[in-house]
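A.B. asks: Fold the following and give me the result.
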Amino acid sequence: MNIKKYIREIPDWPKKGVNFKDITPLLQNPEAFSHAVHSLTAPYKKNKPDVVVGIDARGFILAAPVALALGASLVLIRKKGKLPYKTISIKYNLEYGTNEIEIHNDAIKKGQKILIVDDVLATGGTMKAATMLVNKLSGKIIGISFLINLTFLNGQKKLHKFNITSVIDY
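C.D. replies: Numbers count the residues shown, from 1 in each chain. Just a heads-up that it's a prediction; the model follows:
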């Protein structure tokens, strides 16, 4: 199935010069959404993670069914101030400023196998910060999986030491 046809491009959003990849048409089509989840899950059927980590916010949509399909628990990495329990956080640079994400301090146990899932790999800053949070909790990252990889932005360079998979490459 060609799920790329379910990705809508929005020119000049959220700012001029950006072609935003809108995944909502894919989510609205059960067959395409199911295919996307299967594609994200397939590489990890044999070496199953203990935990699937989803990144705020669209990563949650994909990480939840991936975790269920793999029989893994689900952990959320959120923007600063959105988690109710004790957290650890990390600040990181974006191409237009800084951001901060956090995770509950008891979300991952030492040595657990971790798969991190997000919707898009762009410049890699958010995912790099997410890997640092998982490492602070002594999780063992077995893979990073994206629905979309914007290869022309070279985000994979920041994540070169990890096993990266993506369903769609632009």
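A.B. asks: Now the most centrally placed residue in the chain. Nearest residue, chain neighbours left out?
C.D. replies: Nearest residue to the geometric centre of the chain (C-alpha atoms, centre = their mean): Asp118, 1.7 Å. If you skip the residues right next to it in sequence, Asp118 has Gly59 as its closest partner in space, 3.9 Å away by C-beta to C-beta, 6 or more residues apart in numbering. The way it works is simple: take the backbone N, C-alpha and C, and place the C-beta from them, glycine included.
A.B. asks: residues contacting that neighbour?
C.D. replies: 77, 117-119 (C-beta atoms under 8 Å, 6 or more residues apart in numbering).
A.B. asks: Turn the residues you listed into TSV, including pLDDT and secondary structure.
C.D. replies: Compiled in TSV, the contacts of Gly59 are given as follows (pLDDT from 0 to 100; DSSP: H, G, I helix; E, B strand; the rest coil):
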residue	pLDDT	secondary structure
Ile77	98	strand
Val117	98	strand
Asp118	98	strand
Asp119	98	strand
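A.B. asks: for these, which one is nearest Thr98?
C.D. replies: When the contacts of Gly59 are compared for distance to Thr98 (C-beta to C-beta), Ile77 wins out at 16.2 Å.
A.B. asks: Report the beta-bridge partner residues of the closest one.
C.D. replies: Ile77 has the following beta-bridge partners by DSSP bridges: Ile55.
A.B. asks: Next up, phi/psi of the residue nearest to Asp118, please.
C.D. replies: Backbone torsions for Gly59, taken as degrees, to the nearest 10, come to phi -60, psi -30.
A.B. asks: coming back round to it: pull out the buried residues from the contacts of Gly59.
C.D. replies: Applying 16 or more other C-beta atoms under 10 Å to the contacts of Gly59, the neighbour count classes 77, 117-119 as buried.
A.B. asks: which pair in these spans the largest distance?
C.D. replies: In the buried ones among the contacts of Gly59, two members sit farther apart than any others by C-beta to C-beta. They are Ile77 and Asp119, at 13.1 Å.
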